[in-house]
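# no sequence on this one, just coordinates:
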């Protein structure tokens, strides 16, 4: 018993005779996993998009951004039912777009700041949300999930929208004391961290955007771009970074109870101050409800309810260059090489980076993988969010 | 000194490569299963028995698969992630775990092994009968730990994770891992009739990785 760690040795020898399982024993679990992997993804994609801080739309376009212009004027009494973005710069007046965006976002800001302030839920309060996704191919799918305000527990149907409900506890997700609200959101996106993060933002647009840029920067370009086909790509302008991060924050909050009205109002005002922000009216979200789209100069777009101006959806709209879908036949090795080169060039020379992107597009993109301008590639709509007594109730 | 699990990925970014690949080709996730399910199963089976391990390991990988898009690809070894998910799922069985440890301490028959014996592992039935008193004390001490302390102790001693990996798995600071482990070791040493726990060396050398 001279071993200073003898008690650990004793523990490690306890039940040491338990062997590793044989393949037969593991076969069932493996088969379950394979069958899951073979199914088109539904619940997972939504949950991930909402709560795991994926920014779906930060890819190659960033560096070669082409302005999207909308044939809308501020004076039009009844906006056309469906606007298609034009990838041409012949349509005049970016000022018009900026003014329109400023006007819509100013109204949005007024409306949400006057909305009744809901009490902040308790940490264990269950929130039910129903999310509609449109994927091509695949069409529309609806997913239901429950999450507690603090994100400590979540629940979903084992088989899409029926069958047993699986409840997950995340006891280790307790917040780390001393983190700023934005850092806490970066570390763990839950309805509460999103609520707190928005509530913590400065009310002055400039100061708010600075805080966002800082938090988005700390979150890391790699993480921001995770899940995109070209994961090494990331927003290259401050405006894109700010817009994407702010959208994400609002979208995550919308999956919970939103955020205090005054704070949301400040977020909308700040959004209007981001260069290149445009609005698109008269569109429909994935759930079929009317919406107003607000885009940065990348291709993520958040959707607002035209009456309440609450965030109801998030989607990607092609500007004719992206979202880029790299050829699926590329081997991981080639993909890794491309990413490494992109990362390196981005650090050294913008010109060389953009040139390389063009070269990439020419060489490696799958034929037809560039959606025409205005194509909506991944719409998500939050059709219903409510506080409930627990999983199974809505 | 400790039984090491199977060596994970050969190349440094092994698991992350698989996970990233599975985002485009979901079936690639099976590679992660083949790599880690055996050791994870053994770890859970040591805590809860074969039957519960079957379920928990299956659920762990299903859950991990669902979350594969959020995995931080900078982390090449997925074990902390997987053991963290498994710890969550196993948490629901905490009372059963304590009950089995207590039964072992009381009777000298380990339910975790008995079930195996009933399933045809007769040789193990023999070995469990020779359980020494010290092992029974040990089981009792582990049963007496809080679930949080037990998680840390067993992830270190049985799953062979480093302090940093345990911290990542349980999403707690490394300092908390140290303090929980210190407390758990003190309790175990006390139960084994060791020295005054305050005289313990602060911690043991962290395994090199």
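Structure's in. What do you need? Only a predicted model underlies this, so the values are computations on that prediction, with no experimental measurement involved.
# Would you map out the domains in chain A?
Here the domain parsing of chain A from automatic domain parsing is A:43-325+A:370-388, A:332-364.
# Phi and psi next, for residue A:284.
phi -120, psi 140 (degrees, to the nearest 10).
# Who does it form a beta bridge with?
residue A:290 (DSSP bridges).
# in chain B, what secondary structure element scores lowest on mean pLDDT?
One helix or strand of chain B scores below all others by mean pLDDT, DSSP states H and E: helix B:122-129, with a mean of 46.
# Toward the C-terminus from that helix, list the very next helix or strand.
Sequence-wise, the next helix or strand downstream of helix B:122-129 (DSSP states H and E) is helix B:133-144.
# now check that following helix, is it near chain A?
Yes: Helix B:133-144 lies within reach of chain A by C-beta under 8 Å from any C-beta of the partner chain, at B:134, B:135, B:138, B:139, B:142. C-betas here are computed from N, CA, C, even on glycine.
# ok, back up a step: worst average pLDDT in the domains of chain A?
Among those, domain A:332-364 has the lowest mean pLDDT, at a mean of 63.
# where does chain B dip in pLDDT?
Along chain B, the parts satisfying pLDDT under 70 run over B:1-13, B:114-131, B:194-209.
# how about the helices of it, start to end?
For chain B, the helices defined by DSSP state H occupy B:14-24, B:29-48, B:50-66, B:79-91, B:94-107, B:111-118, B:122-129, B:133-144, B:147-157, B:163-170, B:174-191.
# Now mean neighbour count and distance to residue A:201 too, for these, in TSV please.
Converted to TSV, the helices of chain B look like this (neighbours: other C-beta atoms under 10 Å in any protein chain shown; distance: least, C-beta to C-beta, whole Å):
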stretch	mean neighbour count	distance to residue A:201
helix B:14-24	20	32
helix B:29-48	23	38
helix B:50-66	21	31
helix B:79-91	23	31
helix B:94-107	17	40
helix B:111-118	19	52
helix B:122-129	14	60
helix B:133-144	19	47
helix B:147-157	24	34
helix B:163-170	22	29
helix B:174-191	19	30
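# Now render these as JSON lines, adding distance to residue A:382.
Converted to JSON lines, the helices of chain B look like this (distance: least, C-beta to C-beta, whole Å):
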{"stretch": "helix B:14-24", "distance to residue A:382": "23"}
{"stretch": "helix B:29-48", "distance to residue A:382": "28"}
{"stretch": "helix B:50-66", "distance to residue A:382": "19"}
{"stretch": "helix B:79-91", "distance to residue A:382": "26"}
{"stretch": "helix B:94-107", "distance to residue A:382": "35"}
{"stretch": "helix B:111-118", "distance to residue A:382": "45"}
{"stretch": "helix B:122-129", "distance to residue A:382": "53"}
{"stretch": "helix B:133-144", "distance to residue A:382": "45"}
{"stretch": "helix B:147-157", "distance to residue A:382": "35"}
{"stretch": "helix B:163-170", "distance to residue A:382": "31"}
{"stretch": "helix B:174-191", "distance to residue A:382": "36"}
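# surely residue A:304 meets residue A:292?
Yes: with contact defined as C-beta atoms under 8 Å, residue A:304 and residue A:292 form a contacting pair (4.7 Å).
# Do a quick rundown of the strands in the stretch 151-300 of chain A.
With strands called from DSSP state E, counting those that start in this stretch, the stretch 151-300 of chain A shows them at A:153-159, A:162-169, A:278-284, A:290-295, A:300-304.
# Of all those strands, which one is nearest residue A:131?
Nearest to residue A:131, of all these, is strand A:153-159, at 10.9 Å by C-beta to C-beta.
# what packs against that closest one?
On a contact count with 3 or more C-beta pairs under 8 Å, 6 or more residues apart in numbering or on different chains; DSSP states H and E, strand A:153-159 meets helix A:43-51, strand A:139-148, strand A:162-169.
# can you list contacts of the shortest one?
With contact meaning C-beta atoms under 8 Å, 6 or more residues apart in numbering or on different chains, strand A:162-169 is reached by A:152-158, A:391-392, B:63, B:88, B:91-92.
# As a quick check, tell me the outermost residue of chain B.
residue B:24 (30.4 Å; C-alpha atoms, centre = their mean).
# who touches residue B:65 in this structure?
A:33, A:36, A:37, A:44, B:22, B:26, B:29.
# count of neighbours near the spatially closest residue to the third one that is not a sequence neighbour?
Excluding its sequence neighbours, the residue lying closest to residue A:37 (C-beta to C-beta, 6 or more residues apart in numbering or on different chains) is residue B:26, at 3.7 Å. Other residues within reach of residue B:26, judged by other C-beta atoms under 10 Å in any protein chain shown, total 20.
# Show me the helices in chain A, by range?
According to DSSP H, the helices that chain A contains are A:6-13, A:23-38, A:43-51, A:94-114, A:181-187, A:191-200, A:205-219, A:221-224, A:238-254, A:261-272, A:332-348, A:350-364.
# how distant is stretch B:148-164 from the center of its chain?
In this view, stretch B:148-164 has its centroid 6 Å away from the chain centroid, taken as C-alpha atoms, centre = their mean, to the nearest Å.
# residues touching residue A:185, list them.
Taking C-beta under 8 Å, 6+ apart, one finds A:193, A:194, A:196, A:197, A:215, A:249, A:252 in contact with residue A:185.
# what's around the fourth one, how many residues?
Close neighbours of residue A:197, defined as other C-beta under 10 Å, add up to 25.
# hang on, it packs against residue A:182?
Yes: if you go by C-beta under 8 Å, residue A:197 and residue A:182 touch, sitting 5.0 Å apart.
# Now for residue A:110: which residues touch it?
If a contact means C-beta under 8 Å, 6+ apart, then residue A:110 has residue A:265 as its contacts.
# Give me the buried subset of the contacts of strand A:162-169.
Using 16 or more other C-beta atoms under 10 Å in any protein chain shown as the burial test, the contacts of strand A:162-169 include A:152, A:153, A:154, A:155, A:156, A:157, A:391, B:63, B:88, B:91 as buried.
# Next, give me the two most distant ones among the residues you listed.
Checking the buried ones among the contacts of strand A:162-169 with C-beta to C-beta, the most distant pair is A:157 and B:91, at 21.8 Å.
# I'd like the distance between the nearest residue to residue A:106 once chain neighbours are set aside and residue B:177.
Once flanking residues are discounted, residue A:106 sits nearest to residue A:272: 6.7 Å by C-beta to C-beta, 6+ apart. Going from residue A:272 to residue B:177 by C-beta to C-beta, to the nearest Å gives 46 Å.
# same question, residue A:205
Taking C-beta to C-beta, one finds residue A:205 at 43 Å from residue B:177.
# got it, and residue A:180?
Taking C-beta to C-beta, one finds residue A:180 at 24 Å from residue B:177.
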